[in-house]
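Chemist: Here is a sequence together with a model predicted from it:
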Amino acid sequence: ILFRRDYIPPLCDTVQDISVLLRCPDGHKLTHDLCELIFDECRFVADSLTSTCPDAKPYRPIIQARLDTLQFSEEAYRWLEGQLQLTPIHKRPAAVKFVKSIMMVLINEQFLDESIIQSEV
(Lines give C-alpha, C1' and ligand atoms only; values in the text may rest on other atoms or scores of the structure.)
Protein backbone atom coordinates (compact mmCIF):
# COMPACT_ATOMS: atom_id res chain seq x y z
CA ILE A 1 0.00 0.00 0.00
CA LEU A 2 1.41 3.42 -0.96
CA PHE A 3 0.64 6.69 0.78
CA ARG A 4 1.45 10.27 -0.08
CA ARG A 5 1.26 12.94 2.57
CA ASP A 6 1.02 16.38 0.95
CA TYR A 7 1.29 19.90 2.33
CA ILE A 8 3.24 19.03 5.44
CA PRO A 9 3.62 21.94 7.92
CA PRO A 10 5.29 24.27 8.65
CA LEU A 11 5.63 25.56 5.05
CA CYS A 12 3.14 23.17 3.44
CA ASP A 13 5.49 22.57 0.53
CA THR A 14 6.88 19.10 1.23
CA VAL A 15 5.63 15.65 0.38
CA GLN A 16 6.25 12.37 2.14
CA ASP A 17 5.81 9.00 0.45
CA ILE A 18 5.21 5.95 2.62
CA SER A 19 4.92 2.33 1.55
CA VAL A 20 3.60 -0.54 3.63
CA LEU A 21 4.96 -3.92 2.52
CA LEU A 22 4.05 -7.25 4.00
CA ARG A 23 5.90 -10.32 2.75
CA CYS A 24 4.94 -13.94 3.15
CA PRO A 25 7.21 -16.99 2.92
CA ASP A 26 7.79 -18.66 -0.46
CA GLY A 27 6.30 -21.94 0.69
CA HIS A 28 2.75 -20.61 1.05
CA LYS A 29 0.40 -20.81 -1.87
CA LEU A 30 -1.42 -17.50 -2.26
CA THR A 31 -5.10 -18.18 -1.97
CA HIS A 32 -7.85 -15.59 -1.98
CA ASP A 33 -8.21 -15.88 1.80
CA LEU A 34 -4.48 -15.45 2.37
CA CYS A 35 -4.42 -12.37 0.10
CA GLU A 36 -7.32 -10.87 2.06
CA LEU A 37 -5.47 -11.57 5.31
CA ILE A 38 -2.35 -9.82 3.99
CA PHE A 39 -4.40 -6.83 2.82
CA ASP A 40 -6.10 -6.64 6.23
CA GLU A 41 -2.70 -6.57 7.94
CA CYS A 42 -1.50 -3.82 5.58
CA ARG A 43 -4.64 -1.81 6.30
CA PHE A 44 -4.10 -2.26 10.04
CA VAL A 45 -0.54 -0.94 9.74
CA ALA A 46 -1.71 1.92 7.52
CA ASP A 47 -4.43 2.92 9.98
CA SER A 48 -1.87 3.07 12.78
CA LEU A 49 0.35 5.65 11.01
CA THR A 50 0.32 9.07 12.63
CA SER A 51 2.47 12.13 12.86
CA THR A 52 4.86 12.39 15.80
CA CYS A 53 3.99 16.08 16.07
CA PRO A 54 0.19 16.29 15.97
CA ASP A 55 0.05 19.99 16.85
CA ALA A 56 2.37 21.26 14.10
CA LYS A 57 1.13 24.64 12.95
CA PRO A 58 1.86 26.11 9.51
CA TYR A 59 3.93 29.30 9.30
CA ARG A 60 1.18 31.51 7.92
CA PRO A 61 3.32 34.65 7.25
CA ILE A 62 5.87 32.69 5.23
CA ILE A 63 3.18 30.79 3.33
CA GLN A 64 1.36 34.07 2.61
CA ALA A 65 4.59 35.61 1.27
CA ARG A 66 5.09 32.61 -1.01
CA LEU A 67 1.46 32.84 -2.15
CA ASP A 68 1.89 36.53 -2.96
CA THR A 69 4.93 35.75 -5.12
CA LEU A 70 3.08 32.93 -6.92
CA GLN A 71 5.42 30.13 -5.84
CA PHE A 72 2.82 27.34 -5.54
CA SER A 73 1.09 25.10 -8.06
CA GLU A 74 -2.60 25.53 -8.90
CA GLU A 75 -3.46 22.48 -6.79
CA ALA A 76 -1.54 23.93 -3.85
CA TYR A 77 -3.38 27.26 -4.20
CA ARG A 78 -6.72 25.45 -4.00
CA TRP A 79 -5.59 23.38 -1.01
CA LEU A 80 -4.24 26.40 0.89
CA GLU A 81 -7.41 28.37 0.21
CA GLY A 82 -9.64 25.51 1.30
CA GLN A 83 -7.68 24.32 4.34
CA LEU A 84 -5.93 27.46 5.65
CA GLN A 85 -8.13 30.17 4.08
CA LEU A 86 -5.02 31.78 2.52
CA THR A 87 -5.08 33.34 -0.95
CA PRO A 88 -2.63 35.47 -2.92
CA ILE A 89 -3.07 39.16 -2.23
CA HIS A 90 -3.49 39.90 -5.94
CA LYS A 91 -6.04 37.21 -6.66
CA ARG A 92 -9.30 39.13 -6.40
CA PRO A 93 -8.28 42.49 -7.96
CA ALA A 94 -6.47 40.78 -10.83
CA ALA A 95 -9.45 38.57 -11.58
CA VAL A 96 -11.85 41.54 -11.62
CA LYS A 97 -9.52 43.52 -13.87
CA PHE A 98 -9.21 40.58 -16.28
CA VAL A 99 -12.98 40.03 -16.49
CA LYS A 100 -13.60 43.74 -17.06
CA SER A 101 -11.02 43.83 -19.86
CA ILE A 102 -12.71 40.86 -21.57
CA MET A 103 -16.07 42.57 -21.19
CA MET A 104 -14.68 45.74 -22.77
CA VAL A 105 -13.46 43.73 -25.76
CA LEU A 106 -16.89 42.14 -26.12
CA ILE A 107 -18.59 45.56 -25.86
CA ASN A 108 -16.25 47.02 -28.49
CA GLU A 109 -17.08 44.13 -30.80
CA GLN A 110 -20.79 44.72 -30.01
CA PHE A 111 -21.37 41.29 -28.51
CA LEU A 112 -22.47 42.86 -25.20
CA ASP A 113 -24.51 45.91 -24.29
CA GLU A 114 -22.62 48.81 -22.70
CA SER A 115 -24.97 48.89 -19.71
CA ILE A 116 -23.52 45.61 -18.43
CA ILE A 117 -20.20 47.25 -17.53
CA GLN A 118 -22.03 49.36 -14.88
CA SER A 119 -23.15 46.18 -13.09
CA GLU A 120 -21.48 45.06 -9.89
CA VAL A 121 -18.90 42.32 -10.49
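Modeler: That came through, no problem.

Chemist: Report the separation between the residue nearest the centre of the chain and D13.
Modeler: Geometric centre of the chain, nearest residue: W79, 3.7 Å, by CA atoms, centre = their mean. As defined by CB to CB, to the nearest Å, W79 lies at a distance of 11 Å from D13. Using the backbone N, CA and C atoms, a C-beta is placed for each residue, glycine as well.

Chemist: What are the contacting residues of the worst-scoring helix or strand of the chain on mean pLDDT?
Modeler: In the chain, no helix or strand scores lower on mean pLDDT, DSSP states H and E than strand 2-8, which sits at a mean of 77. Contacts to strand 2-8, defined as CB atoms under 8 Å, 6 or more residues apart in numbering, come from residues 13-20, 46, 49, 76, 79-80, 83.

Chemist: hang on, the earlier thing: could you say what helices and strands whichever strand or helix holds the residue nearest to the centre of the chain packs with?
Modeler: Take DSSP states H and E as the rule and W79 turns out to sit in helix 74-84. Counting contacts by 3 or more CB pairs under 8 Å, 6 or more residues apart in numbering; DSSP states H and E, helix 74-84 is packed against strand 2-8, helix 60-68.
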